[in-house]
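Asks: Turn this into a model:
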Amino acid sequence: MKTTNKGKVVIIGAGPGDPDLITIKAVQYLQKANVVLVDRLVSEVILKRYVNPNAIIIPVGKQCRYGLSTAQGTINTLLIQYANTHALVVRLKGGDVSFFSNVLDELEVLKNQAIPFEIVPGITAASGAAAYAGIPLTARNYATAIRFLTYYKTNIITDSAWHDLAITNDTLVWYMSSETLEPLIEQLRLHGIDEQKWVSVIEQATTPLQQVYSAPIRNFLLQFGTMQFLSPSLVIIGRVASLSQQFNWFNGENTQQSLYFPQVTATAEPYLHHSLMQPYVSRT
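Replies: Next comes the predicted model:
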């Protein structure tokens, strides 16, 4: 990539919730960052513990169905704006940057503006949630492959695709799908899924509030069909999901469905890290 006079943008995955799951490389960049644009699903502990105390922090969280959301176009504009005035801008995302995120939009903007960038991977929700729920995703004699999917809209999977998903022995990991879990399960059963397979929903995975809800697919809706799972929740379907009954080693606090990640209440309002409260006034 050509060297420019513009600052560098580093796009970082912060991990699934537990602040100790962030990578050393991510911490090193956060300690040097001038500006951090941060998603909602990033632990506040990471910001307090690792970010340069003189950095500007800008919440750019998204919560499409609840609260407020920062439009992707606004995030793109902020990346350009701060890369033109600061040496190191960090774009901090929950989980890993490449799993069901808008990283392509941001990469295209940075490339078009000739802004240098780097990508630092993080632990994605699938591996974090599965590990903390005691579910080996490709356990020997259970599954030899994993499929990462999403079902946030009920019209994005065709009938032929449903049939393929129902008969496969692959582990199915569903992001952003807890609100559509009932029709998801019904479609799989309609298309002939083995009723001995299990469903596990890991709610607020790797955080102190993690809860795991598991049952055979034939019984899951009877046991948990009336529940409204808190965001973020990950869904694992397959024979491996039953292993949580034996190996779930991490039990979160049952605090009457409290939120570990606060809901979005304001968007793109910069503040200084050292106070975590004081609004930032641009001097440019």
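Asks: Show me the strands in the stretch 51-200 of the chain, by range?
Replies: For the stretch 51-200 of the chain, applying DSSP state E, counting those that start in this stretch gives strands covering 56-59, 88-93, 117-120, 146-150, 171-175, 198-203.
Asks: Present those strands as a markdown table; the columns should include mean neighbour count.
Replies: (C-beta placed from N, C-alpha, C; glycine too.) Below are the strands of the stretch 51-200 of the chain laid out as a markdown table (neighbours: other Cβ atoms under 10 Å):
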| stretch | mean neighbour count |
| --- | --- |
| strand 56-59 | 21 |
| strand 88-93 | 26 |
| strand 117-120 | 17 |
| strand 146-150 | 16 |
| strand 171-175 | 24 |
| strand 198-203 | 26 |
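Asks: would you turn those into TSV with distance to residue 11 and mean pLDDT?
Replies: What follows is these, written out as TSV (distance: least, Cβ to Cβ, whole Å; pLDDT from 0 to 100):
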stretch	distance to residue 11	mean pLDDT
strand 56-59	14	96
strand 88-93	5	98
strand 117-120	5	98
strand 146-150	19	97
strand 171-175	18	98
strand 198-203	25	98
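Asks: can you list those strands in JSON lines and add distance to residue 223?
Replies: As requested, those are exported to JSON lines (distance: least, Cβ to Cβ, whole Å):
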{"stretch": "strand 56-59", "distance to residue 223": "37"}
{"stretch": "strand 88-93", "distance to residue 223": "33"}
{"stretch": "strand 117-120", "distance to residue 223": "40"}
{"stretch": "strand 146-150", "distance to residue 223": "23"}
{"stretch": "strand 171-175", "distance to residue 223": "18"}
{"stretch": "strand 198-203", "distance to residue 223": "10"}
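Asks: Among these, which comes closest to residue 72?
Replies: strand 88-93 (11.9 Å; Cβ to Cβ).
Asks: follow-up on the earlier one: of the strands of the stretch 51-200 of the chain, which is nearest residue 184?
Replies: Closest to residue 184 of these, according to Cβ to Cβ: strand 171-175, at 6.9 Å.
Asks: Show me what the biggest helix by length in the chain is packed against.
Replies: Determined from DSSP state H, the single longest helix within the chain is helix 72-83. Helices and strands touching helix 72-83, as assessed by 3 or more Cβ pairs under 8 Å, 6 or more residues apart in numbering; DSSP states H and E, comprise strand 8-13, strand 35-38, strand 88-93, helix 103-112.
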